[in-house]
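Student: I need the structure of the sequence given here:
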Amino acid sequence: MLALSQPAYVLHSRAYRESSALVDFLTPQGRLRAVLRGARGKAGTLARPFVPLDVEFRGRGELKTVGRLEAAGIPNLLSGDALFSGIYLNELLIRLLPAEDPHPAIFEHYAMSVLALAQGRALEPLLRAFEWRLLDELGYGFALDLDFNGQPVVAGGLYRLQTDSGLVPVGQLQPGVFQGAELLAMAEADWSVPGALAAAKRLMRQAMAPHLGGRPLVSRELFMTFKEPTHD
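Tutor: Predicted coordinates:
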């Protein structure tokens, strides 16, 4: 039986049979699914999201078994909006990252993003950077400073996203379009430009929509429910 030890984070887990858990892990070798036996004991305490782990996976099939699981660093303690943001990143990875498809750059960026969330860094720039890196690593990226013909994006121009080819110039203002100045600010990650962060959020939603299969993100719905005002 093949045994492989590597750094990992838990993306999601659910009860499996009597005392086990079915766990989705993010590793440099991709997203792996494994059975964690004795999930109600010490291993189950460690197998929480946002905790850096060292995990030994056993087995050759798609469903592996956790042979050993140890903490490999200080847990990233997330709460409030940072916690919802972390859950959102995890759901994106489960939905978009193919199983057992190695992406070490995504793993490293995720580790840095979760640490930044725990440190209380500004959420919106962090989330937009992660979404962009994920799309780019999976082959869905596109230029922000060039249109689909390879022409430079003009600050005063208007553009719409065509997800299979990139940015397409348009002649007049219409729903869903982006200003060239916003796109150029995104390319430089210059969030001081008015409207750039809001435009980046719209752009990433448009870019990810075809790859999410039409199903809404549970984490986004949870966040909106949490944010709804309560009435006595």
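
Student: going forward, measure contacts between C-alpha atoms and count neighbours the same way
Tutor: Noted.

Student: Please name the bridge partners of Cys162.
Tutor: Just so we're on the same page, residue 162 is Gln rather than Cys. Gly166 (DSSP bridges).

Student: can I see the domain layout of the chain?
Tutor: 3-71, 142-232 (automatic domain parsing).

Student: Using the three-state scheme, assign Pro7.
Tutor: strand (DSSP: H, G, I helix; E, B strand; the rest coil).

Student: Spatially nearest residue to it (excluding sequence neighbours)?
Tutor: Take Pro7 and drop its neighbours on the chain: the residue closest to it by CA to CA, 6 or more residues apart in numbering is Asp54, 4.5 Å away.

Student: Now do whichever strand or helix holds the one you found: which elements does it pack against?
Tutor: For Asp54, the element it lies in under DSSP states H and E is strand 53-58. Other helices and strands packing on strand 53-58, by 3 or more CA pairs under 8 Å, 6 or more residues apart in numbering; DSSP states H and E, are strand 3-16, strand 63-71.

Student: sorry, back to before: can you tell me how far the residue nearest to Pro7 sits from Ala71?
Tutor: 6 Å (CA to CA, to the nearest Å).

Student: same check, this time on Ala143
Tutor: On the measure of CA to CA, Ala143 and Ala71 end up 39 Å apart.

Student: thought Leu197 was touching Pro125?
Tutor: Yes: taking contacts as CA atoms under 8 Å, Leu197 lies within contact range of Pro125: 7.2 Å.

Student: Between those two, point out the one with more neighbours.
Tutor: Neighbour count, other CA atoms under 10 Å: between Leu197 and Pro125, Leu197 has more, with 20 against 16.

Student: For the more buried one, list the residues it contacts.
Tutor: When contacts are counted by CA atoms under 8 Å, 6 or more residues apart in numbering, Leu197 is found next to Glu124, Pro125, Met186, Trp191.

Student: Output the lowest mean pLDDT helix or strand found in this protein.
Tutor: For the chain, using mean pLDDT, DSSP states H and E, the weakest element among its helices and strands is helix 42-46, scoring a mean of 66.

Student: Can you mark which positions in the lengthiest helix in the chain are buried?
Tutor: Assignment by DSSP state H gives helix 80-96 as the longest helix of the chain. For helix 80-96, the neighbour count (16 or more other CA atoms under 10 Å) marks 82-94 as buried.

Student: which residues of this protein fall in strands?
Tutor: 3-16, 20-27, 30-36, 53-58, 63-71, 158-162, 166-170, 178-179 (DSSP state E).

Student: Could you list every helix and strand in contact with the longest one?
Tutor: Identification of packing neighbours for strand 3-16 by 3+ CA pairs under 8 Å, 6+ apart yields strand 20-27, strand 53-58, helix 80-96.

Student: Direction included, what does the shortest one pair up with?
Tutor: Strands adjacent to strand 53-58 in the sheet, as given by DSSP bridges, are strand 3-16 (antiparallel), strand 63-71 (antiparallel).

Student: quick one, which of these is nearest to Gln162?
Tutor: Gln162 lies closest, by CA to CA, to one member of these: strand 3-16, at 30.6 Å.

Student: Give me the residues contacting the closest one.
Tutor: 21-28, 35, 47-59, 67, 72, 90-91, 93-94.

Student: Of those, which qualify as buried by neighbour count?
Tutor: Among the contacts of strand 3-16, those buried by neighbour count (16+ other CA under 10 Å) are 21-28, 35, 47-58, 67, 90-91, 93-94.

Student: what's the nearest residue to Pro98 if we skip its chain neighbours?
Tutor: Arg31 (6.9 Å).
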